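Chemist: Below is the sequence, then the predicted model.
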Number of protein chains: 2
Amino acid sequence: MKSPVTAVSGVGEFTLIDRIRKIIPETDNPDVLLGMGDDCAVVRINDQKVLLLTCDIQVEDRHFRREFISAYQLGRRAIAVNLSDIASMGGQPTYALVSLSLPRDLSVNDYDSLFRGMQDELDPYGAIIVGGNLAQTEGRLIIDITLLGEATLNRYLTRRGARAGDKIFITGQAGSSGAGLFILQKYGKNFPAKYKDLVESHLNPKPRVEIGQAIARLGLASAMIDVSDGIASDLYHICHMSRTGAEISQEKLPFLPILNDVVRETGNTLMDLVLHSGEDYELLFTAGPDQQEQIQRKISEPFSIPVTEIGEIVSDAEVYSVITPDKQRQVLEPRGWDHFRVNRAEKEKKK
Amino acid sequence: MKSPVTAVSGVGEFTLIDRIRKIIPETDNPDVLLGMGDDCAVVRINDQKVLLLTCDIQVEDRHFRREFISAYQLGRRAIAVNLSDIASMGGQPTYALVSLSLPRDLSVNDYDSLFRGMQDELDPYGAIIVGGNLAQTEGRLIIDITLLGEATLNRYLTRRGARAGDKIFITGQAGSSGAGLFILQKYGKNFPAKYKDLVESHLNPKPRVEIGQAIARLGLASAMIDVSDGIASDLYHICHMSRTGAEISQEKLPFLPILNDVVRETGNTLMDLVLHSGEDYELLFTAGPDQQEQIQRKISEPFSIPVTEIGEIVSDAEVYSVITPDKQRQVLEPRGWDHFRVNRAEKEKKK
């Protein structure tokens, strides 16, 4: 007798990944320094270097909508999200493989623009596309990119390594990309000019590759991740892998003031945008409390980017909270972008 | 003024790949030994070794139908087609990354089986899944796998290197997988028992990894490719990259006698199946005429597999022909599986 069928949509992504771990045996290959469960896999290639491996699948109408983003921007963005994974380990991007499922009616011009965007995004790092695979279908446009990178053995950063007492830092501003997406969803391409920076954050994210490399090279951080699912979700990954808790201070969170306008227009709360919307592709990292001055002097100033301390790692793994401006401690839910977006899509369907 | 829009469906795969080559600049990175245009990209990692990189995207209803293939078989097969690319260079498979676009209604059991199949297919080579990416959508199941491998510098084989006078060889039997697919399309899972081996060839292809490694290690071949699109298409890739022509002998082509029954049942010609249907994942290679005895003694006998000489490489790149049993020379069209299948699908639509 078969037990009732559970669909993948009924279990969370964490559970789906855990199921793979139970199927894939622990490897006894000493070169595999890190398998599934971080931004990149890490494989030793010689006494000094490791290979970083990451991939990201982007599905039309799930991760992007062709009415909002040009083919060129889409190409750049599909590479950028992978660059960001390499950045979060402090690595140098090297080689990309591009798999595309192309709708038959996609124009050859858009096809060219897609590759031009990918190449332009790789160029600053001397990285190139070395291979790929094309399929034509009746379905949606799908872009799956595998990106390789290199890092120094014993210098790359992972989600593991945060210690109680470490401060939590984030580069740039939080919530801009998510806010930009809501603006696009509300106005389409003819959005009010004041939202330009937000929309730009969403369409043209800037992965922090050089900053990630500097943080790793200078040994400033104890753990690092990129913000793809939102601070609440991504910080939780660091805590989970480091077996710690965290406490962040709502007042310290960096965001553009224009987000207040988006809150009024879209009905999201400010904290939804700042903590739970994602795709900012900023770096979130932890560092010893004595590193704060170095971080300002060696990262923030030379790269002309704010690096903001937003809270602290605590030893109790059960603690995962945000301190409100009136000093209330609230449980921080590790729900992220995906969950948020799906819920919103469902809400919209019900309308 | 915009020129009339050309869709990707209006240009061939060759053209689409050529367009990428025009956009991606020639790299000056001396470690990139081979970029796009072979079964794998080849990147030097040290003085002795190269890294092989390949990827393959499989889209439901385009590359497989869930009514014909179990999730476990699909997992094995998705890995097998990538193993075959590593095999065709003479490499050793090492690490896989798995990107999946999952239909929300896919059962968790099928999800597990998919990964179990992938792992079982990788196991004999000590290769493992080190990373991946999951998306859930309303659409079709899509499996995109990137597989890495290793090979010895100066020993790996490519599509380039065939010389006039070389003999052309193929392992195993041709056309079995394509014939198996036609049987599945005609009968579904309740096909006559006599077709079991053909259907098995289609659902559970056996990539020739150890054989590819032996051919490379022993220096037996001048060029090699795996048969994914059919002999006519894949041999053309060797000729194109080696700037040669080829002449094959219809009488020498190896196939299972049961293919004659499939011809009667499906209306395909025997040569359609043997030359233009693909997914056999056998190895097609060229070798000096003096190597024939070695190939039998060091490959065919120890691996218990027929290795058949089917023709000869010629210097004139304009010659691409098949000699019929009555000694007529016919132009061999380099159309392959994809073209074949699309045409067939269109024919079926018109019915």
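Modeler: Happy to help now that I have it.
Chemist: pLDDT-wise, which helix or strand of chain A ranks last?
Modeler: None of the helices or strands of chain A scores lower by mean pLDDT, DSSP states H and E than helix A:337-350, at a mean of 44.
Chemist: where exactly do the strands run in chain A?
Modeler: A:32-34, A:41-44, A:49-59, A:92-103, A:128-137, A:142-152, A:167-171, A:223-226, A:245-249, A:283-287, A:307-314, A:320-323, A:329-331 (DSSP state E).
Chemist: wait, does stretch A:270-283 make contact with chain B?
Modeler: No. Counting by CB under 8 Å from any CB of the partner chain, chain B is not contacted by stretch A:270-283; separation bottoms out at 13.9 Å. Where C-beta positions appear, they are placed from N, C-alpha and C, glycine not excepted.
Chemist: Let's test this: mean pLDDT of that stretch, rounded?
Modeler: For stretch A:270-283, the mean per-residue pLDDT is 95.
Chemist: How about stretch A:155-173?
Modeler: Here the average pLDDT along stretch A:155-173 is 97.
Chemist: Is that stretch in proximity to chain B?
Modeler: No. In terms of CB under 8 Å from any CB, no part of stretch A:155-173 sits within range of chain B; the closest distance is 13.0 Å.
Chemist: so how far does that stretch reach from one end to the other?
Modeler: One end of stretch A:155-173 sits 26 Å from the other (CA to CA, to the nearest Å).
Chemist: then stretch A:120-134 to CSV, C-alphas only?
Modeler: The C-alpha coordinates for stretch A:120-134 follow below in CSV (Å, rounded to 0.1, in the frame of the first residue of the first chain):
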residue,chain,number,x,y,z
ASP,A,120,29.8,42.3,-19.8
GLU,A,121,29.1,41.2,-16.2
LEU,A,122,32.0,38.6,-16.3
ASP,A,123,34.5,40.9,-18.0
PRO,A,124,35.8,43.0,-15.0
TYR,A,125,37.0,39.7,-13.4
GLY,A,126,38.6,38.3,-16.5
ALA,A,127,36.1,35.4,-16.2
ILE,A,128,34.6,33.8,-19.3
ILE,A,129,31.9,31.5,-20.6
VAL,A,130,33.6,28.2,-21.5
GLY,A,131,30.6,26.0,-22.3
GLY,A,132,26.9,25.5,-22.1
ASN,A,133,23.9,23.8,-23.5
LEU,A,134,20.9,25.0,-25.4
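Chemist: check whether that stretch contacts chain B.
Modeler: Yes. Interface with chain B: stretch A:120-134 contributes A:G126, A:I128, A:I129, A:V130, A:G131, A:G132, A:N133, A:L134 (CB under 8 Å from any CB).
Chemist: Could you export the residues you listed as JSON lines, including neighbour count?
Modeler: Below are the residues of stretch A:120-134 next to chain B laid out as JSON lines (neighbours: other CB atoms under 10 Å in any protein chain shown):
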{"residue": "A:G126", "neighbour count": "12"}
{"residue": "A:I128", "neighbour count": "22"}
{"residue": "A:I129", "neighbour count": "23"}
{"residue": "A:V130", "neighbour count": "25"}
{"residue": "A:G131", "neighbour count": "25"}
{"residue": "A:G132", "neighbour count": "25"}
{"residue": "A:N133", "neighbour count": "21"}
{"residue": "A:L134", "neighbour count": "17"}
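Chemist: of those residues, closest to A:N204?
Modeler: Closest to A:N204 out of those is A:I129 (19.4 Å), distances taken as CB to CB.
Chemist: Okay, A:R217 and A:L147: tell me how far apart.
Modeler: Taking CB to CB, to the nearest Å as the measure, A:R217 falls 20 Å from A:L147.
Chemist: OK, contacts around the residue lying closest to A:G131 once chain neighbours are set aside?
Modeler: The shortest distance from A:G131 to any non-neighbouring residue, by CB to CB, 6 or more residues apart in numbering or on different chains, is to B:A41 (4.1 Å). Applying CB atoms under 8 Å, 6 or more residues apart in numbering or on different chains to B:A41 gives the contacts A:Y95, A:L97, A:V130, A:G131, B:V32, B:L34, B:G35, B:L52, B:L53, B:T54.
Chemist: from memory A:Q330 sits against A:L275, does it?
Modeler: No. The pair A:Q330 and A:L275 does not pass the contact test of CB atoms under 8 Å, sitting 10.6 Å apart.
Chemist: which residues do these two both contact?
Modeler: A:V322.
Chemist: For the nearest residue to A:Q48 once chain neighbours are set aside, which residues are in contact?
Modeler: Leaving aside its sequence neighbours, A:Q48 sits nearest to A:L153 (CB to CB, 6+ apart; 5.7 Å). Going by CB under 8 Å, 6+ apart, A:L153 touches A:R44, A:D47, A:Q48, A:K49, A:V50.
Chemist: again with A:V262
Modeler: Shown in contact with A:V262 (CB under 8 Å, 6+ apart): A:A179, A:F182, A:I183, A:Y195, A:L198, A:N268, A:L273.
Chemist: Quick one: residues contacting the residue nearest to A:I69 when sequence neighbours are not counted.
Modeler: The shortest distance from A:I69 to any non-neighbouring residue, by CB to CB, 6+ apart, is to A:L203 (5.6 Å). When contacts are counted by CB under 8 Å, 6+ apart, A:L203 touches A:F68, A:I69, A:Q73, A:R77, A:G180.
Chemist: Same question for A:F285.
Modeler: A:L157, A:I168, A:F169, A:I170, A:I215, A:L220, A:A221, A:S222, A:A223, A:M224, A:I225.
Chemist: which of the contacts of A:L203 has the most neighbours?
Modeler: Greatest neighbour count in the contacts of A:L203, by other CB atoms under 10 Å in any protein chain shown, goes to A:G180: 27 neighbours.
Chemist: how about stretch A:180-189: buried residues?
Modeler: A:G180, A:L181, A:F182, A:I183, A:L184 (16 or more other CB atoms under 10 Å in any protein chain shown).
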